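Trainee: Sequence below, structure please.
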Amino acid sequence: MTTYFDTLRTPYQNVPITEDGVATSEFIDATEGVVKLFDLLGSSAFAVVQNDMNGNIKKIRDRLLSTGPDLSGTLQLLVKNEGLPGDKKRTATEGLLWLLRGLEFTAKALRFSLDNQNEELATSFTKAYEQTLRKHHSILVRPVFTLAMKACPYRKDFYAKLGPSEDDVRPQLSTWLNALEKIVQDMQQFFEQGQYAKGF
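Mentor: All right, here's what the predicted structure looks like:
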């Protein structure tokens, strides 16, 4: 029986990471898989998350297509070559920053779900939101996300969409999640050390 993870063109564990950094093209592919994951949550309330992620993926892809792999082949090269910290015209860098925030939120929510087998998704996603995205959102945006968290499906229904059973899905989810968490952590450190988030 196939699972959701078997359908991914590029899971995060297959995204190449070299001394130059995280491969941009494969990272984009893998992240499009996350956007589709929100379809499985089955609520239109998550459209705001998907639209945000898709918009940021487009900024990164446009930059890769316009500058080529020499300047943007890895996420680190893309950020370094787009402009100096503080320069406001770093569209792809800003897109990547927000994308990483969204991915951190998603990873945390799924990690809570994986580690707490009796926890409903609404609880896992709400806790993750409080710890990640909430501090970056205005008081106008927060209620939209709070509503989306409450609209999460029941745990059993979500896992049933991921695969034949939660037991079948857990090992694959764990491998995929470990790889996603590593990329997010590495990129956040990169942004911090180079002060690349400055100005956003």
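
Trainee: Val35: what's it in contact with?
Mentor: Residues in contact with Val35 (CB atoms under 8 Å, 6 or more residues apart in numbering) are Gln50, Met53, Asn54, Ile57. No exception for glycine: its C-beta is placed from N, CA and C like everyone else's.

Trainee: right, and out of the residues you listed, which lies closest to Tyr4?
Mentor: Gln50 (15.7 Å; CB to CB).

Trainee: what about that closest one, distance to Asp39?
Mentor: Look at Gln50 and Asp39: by CB to CB, to the nearest Å, they are 8 Å apart.

Trainee: Can you give me the neighbour number for the closest residue in space to Lys156 that isn't next to it in sequence?
Mentor: Using CB to CB, 6 or more residues apart in numbering and skipping residues adjacent in sequence, the residue nearest Lys156 is Glu166, 7.7 Å away. By the measure other CB atoms under 10 Å, the count of residues near Glu166 is 17.

Trainee: what pLDDT does Glu166 get?
Mentor: What the model reports as pLDDT for Glu166 is 89.

Trainee: where's the residue nearest to Gln131 when sequence neighbours are not counted, which helix or strand?
Mentor: Spatial nearest neighbour of Gln131, excluding adjacent residues (CB to CB, 6+ apart): Lys108 at 6.1 Å. Per DSSP states H and E, Lys108 falls inside helix 91-115.

Trainee: Now find how far off-centre that helix is within its chain.
Mentor: Put simply, helix 91-115 sits 4 Å off its chain's centre (CA atoms, centre = their mean, to the nearest Å).

Trainee: next structured bit after that helix?
Mentor: Next element after helix 91-115 (DSSP H and E): helix 121-131.

Trainee: list the helices and strands that following helix packs on?
Mentor: helix 91-115, helix 142-150 (3 or more CB pairs under 8 Å, 6 or more residues apart in numbering; DSSP states H and E).

Trainee: Just tell me which of the ones you listed ends up closest to Asp157.
Mentor: helix 91-115 (12.7 Å).

Trainee: Would you mind giving the secondary structure of Val22?
Mentor: strand (DSSP: H, G, I helix; E, B strand; the rest coil).

Trainee: What's the separation between it and Leu180?
Mentor: Val22 is 11 Å from Leu180, by CB to CB.

Trainee: And Gly55, by the same measure?
Mentor: 20 Å.

Trainee: Name the surrounding residues that touch the helix or strand of the chain with the lowest mean pLDDT.
Mentor: Counting by mean pLDDT, DSSP states H and E, the chain has its least confident helix or strand at helix 142-150, which shows a mean of 85. Contact partners of helix 142-150, identified using CB under 8 Å, 6+ apart, comprise Ser43, Ala45, Phe46, Val48, Val49, Ala122, Phe125, Thr126, Tyr129, Leu133, Arg134, His137.

Trainee: Likewise for stretch 4-16?
Mentor: With CB under 8 Å, 6+ apart, stretch 4-16 has contacts from 22-23, 26-27, 29-30, 32-33, 37, 40, 161-163, 169, 172-173, 175-176, 178-180, 183.

Trainee: ok, back up a step: the helix holding Lys108 to helix 121-131, inter-axis angle?
Mentor: Interaxial angle of helix 91-115 relative to helix 121-131 (axes from the mean of the first three to the mean of the last three CA atoms, to 10 degrees): 140 degrees.
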